[in-house]
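[1] Coordinates only, no sequence provided:
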C-alpha cells in the first residue's frame, strides 16, 4: 500500500522560487499564475502564483522516481520530496496537503472483468463506469472517492518490460496474474480526516499511514457486491426458472428486501379469476422447490476484504 499522486501548496513569503530546473509550459496573466515542468523529474508540475508568491506542486513520487507505483515506501516518498525541495530551494515538508491518493495493487483469484461486474454500487454514492474500472463518489459532501480498476492492464500498458521484470524479481509481481488497483482519492483531506493544517510531513507519519490503510479497507467494504449466491453446480439445477430467482435473491441482499416474501405477496394478489387457490398453491410449491436449489454463500465470492487486510497486516 502506498501514496500515489500528492498535491501540496505553500506560501513562500519573502523567499524566491528557484527557476533553474523549471521548464515553462503555460502562463495565465489574468491570475498571475505560471505553470512549469520540473525538467529533471518526470511529470512533476509546479504552479507559481507570482502575485501571492504561492507554489503548488503536483507529483506522483513513485512514478517519477521509481518508474512505477506497484510498491513504494515512506522513505521513497521522503527522498522524492527532498529532491524536489532542493531543486526548488523550498522546504516542502511543511507545505499544506491539498489532495492525495492512497491505494494498492491486489492480485485476485478470478478474472478482473468478473470482479468489476460484481462490484455494483455503494450506499449514498454515485457510480461512474469507465474503461476497465469504476469510480464511487459521495452524492453529497464530495470529500473523497473510491476507485477500482484493472491494475494488471495498467502495468502491462504503461510500464516497460524491463521495469516489469524488476517488479517480478524484487516485489513478487506475477506477470500472469490478475491484478486490480483500489484507491482512495482524498479531495478535501482536512475535512475528511477532521485534521486542521494537514502538512506533508504529517502524511508520512506511521499513525496517519495506518489510518489511510484502514480507511482503504473501510471504503472498499462500502461497495455492494453481487456473487453472494452459490450457483447450482449442475446444468439440470440451473433451469430458466431458477436463474431469475438467483438474480432476485442477489438484488434482495443489495437493496434490503425479502424476495421470497415479495413473490408470495405477488401470487396472493393475483385475482382468483386468473389463478385459483389450487393454482396459487401449485405455483408457490414450484417456486419453493426452485428456491431450495439456491444457497447463500454468506458474502460475495468476489469480496477481497481478506486480501486487503493481509496487505494492511502482512505476516
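    Received the coordinates, thanks. Remember, it's a predicted structure, so these values are computed and weren't measured experimentally.
[2] low-confidence ranges in the stretch 201-315 of the chain?
    For the stretch 201-315 of the chain, the stretches with pLDDT under 70 are 254, 256, 297-298, 314-315.
[3] can you pull the contacts of the nearest residue to residue 37 once chain neighbours are set aside?
    Computed as C-beta to C-beta, 6 or more residues apart in numbering, the closest residue to residue 37 that is not its neighbour in sequence is residue 23, at 4.7 Å. For glycine as for every other residue, the C-beta is placed from the backbone atoms N, C-alpha and C. Residue 23 sits next to 36-39 when contact means C-beta atoms under 8 Å, 6 or more residues apart in numbering.
[4] Buried members of those residues into ChimeraX, please.
    Selecting only the buried entries of the contacts of residue 23 in ChimeraX, with 16 or more other C-beta atoms under 10 Å as the criterion:
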select :36,37,38
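[5] returning to that earlier point: doesn't the residue nearest to residue 37 belong to a strand?
    Yes - the assignment for residue 23 by DSSP: H, G, I helix; E, B strand; the rest coil puts it in a strand.
[6] in the stretch 151-300 of the chain, which spans are helices?
    In the stretch 151-300 of the chain, the helices defined using DSSP state H, counting those that start in this stretch lie at 151-158, 161-171, 189-193, 200-203, 206-221, 242-255, 259-269, 277-291.
[7] Now do the longest one: everything it contacts.
    The list of residues contacting helix 206-221 from outside it, by C-beta under 8 Å, 6+ apart, reads 1, 3, 74, 102-104, 144, 146, 148, 182-184, 193, 202-203, 304-305, 308-309, 311-312.
[8] Show me how to select, in ChimeraX, the buried members of these.
    To isolate the buried members of those in ChimeraX, using 16+ other C-beta under 10 Å:
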select :1,3,102,103,104,144,146,148,182,183,184,193,202,203,304,308,311
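[9] Of the contacts of helix 206-221, which belong to strands?
    3, 102-104, 144, 146, 148, 182-184 (DSSP state E).
[10] Out of the residues you listed, which is nearest to residue 112?
    residue 148 (9.5 Å; C-beta to C-beta).
[11] mind checking pLDDT for that closest one?
    With respect to pLDDT, residue 148 scores 96.
[12] can you pull up the bridge partners for the spatially closest residue to it that is not a sequence neighbour?
    Leaving aside its chain neighbours, residue 148 sits nearest to residue 182 (5.0 Å; criterion: C-beta to C-beta, 6+ apart). Residue 182 has the following beta-bridge partners by DSSP bridges: residue 104, residue 148.
[13] Would you confirm that residue 182 contacts residue 147?
    Yes - applying C-beta atoms under 8 Å as the test, residue 182 and residue 147 come out as touching, 7.3 Å apart.
[14] hang on, the earlier thing: deepest of the helices of the stretch 151-300 of the chain, which one?
    Comparing those by mean neighbour count (mean count of other C-beta atoms under 10 Å), helix 200-203 ranks first with a mean of 19.
[15] Does anything pack onto it? Which helices or strands?
    Packing contacts for helix 200-203, counted by 3 or more C-beta pairs under 8 Å, 6 or more residues apart in numbering; DSSP states H and E, involve strand 2-11, strand 96-108.
[16] let's go with 7 Å and repeat that
    When contacts are defined as 3 or more C-beta pairs under 7 Å, 6 or more residues apart in numbering; DSSP states H and E, helix 200-203 packs onto strand 96-108.
[17] Measure how the strand it packs on sits relative to helix 151-158, angle-wise.
    110 degrees (axes from the mean of the first three to the mean of the last three C-alpha atoms, to 10 degrees).
[18] can you list contacts of the helix or strand following strand 96-108?
    Moving toward the C-terminus from strand 96-108, the next helix or strand (DSSP states H and E) is helix 112-117. Residues outside helix 112-117 that contact it (C-beta atoms under 7 Å, 6 or more residues apart in numbering) are 108, 133-134, 148, 150, 152, 178, 180, 302.
[19] Dihedrals phi and psi, the nearest residue to residue 22 once chain neighbours are set aside?
    Setting aside the residues directly before and after it, residue 22 is nearest to residue 36 in space (C-beta to C-beta, 6+ apart), at 3.8 Å. When read as degrees, to the nearest 10, the backbone of residue 36 gives phi -130, psi 160.
[20] isn't residue 36 right up against residue 26?
    No - the criterion here is C-beta atoms under 7 Å, and residue 36 misses it with residue 26 at 8.6 Å.
[21] Enumerate every residue touching residue 99.
    7, 186-187, 189.
[22] Now pLDDT and distance to residue 164 too, for the residues you listed, in a markdown table please.
    Shown next, in a markdown table, are the contacts of residue 99 (pLDDT from 0 to 100; distance: C-beta to C-beta, whole Å):
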| residue | pLDDT | distance to residue 164 |
| --- | --- | --- |
| 7 | 97 | 28 |
| 186 | 96 | 29 |
| 187 | 95 | 31 |
| 189 | 95 | 32 |
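[23] filter those residues to the buried ones?
    For the contacts of residue 99, buried by 16+ other C-beta under 10 Å: 7, 186, 189.
[24] which one of the residues you listed is nearest residue 237?
    residue 186 (46.7 Å).
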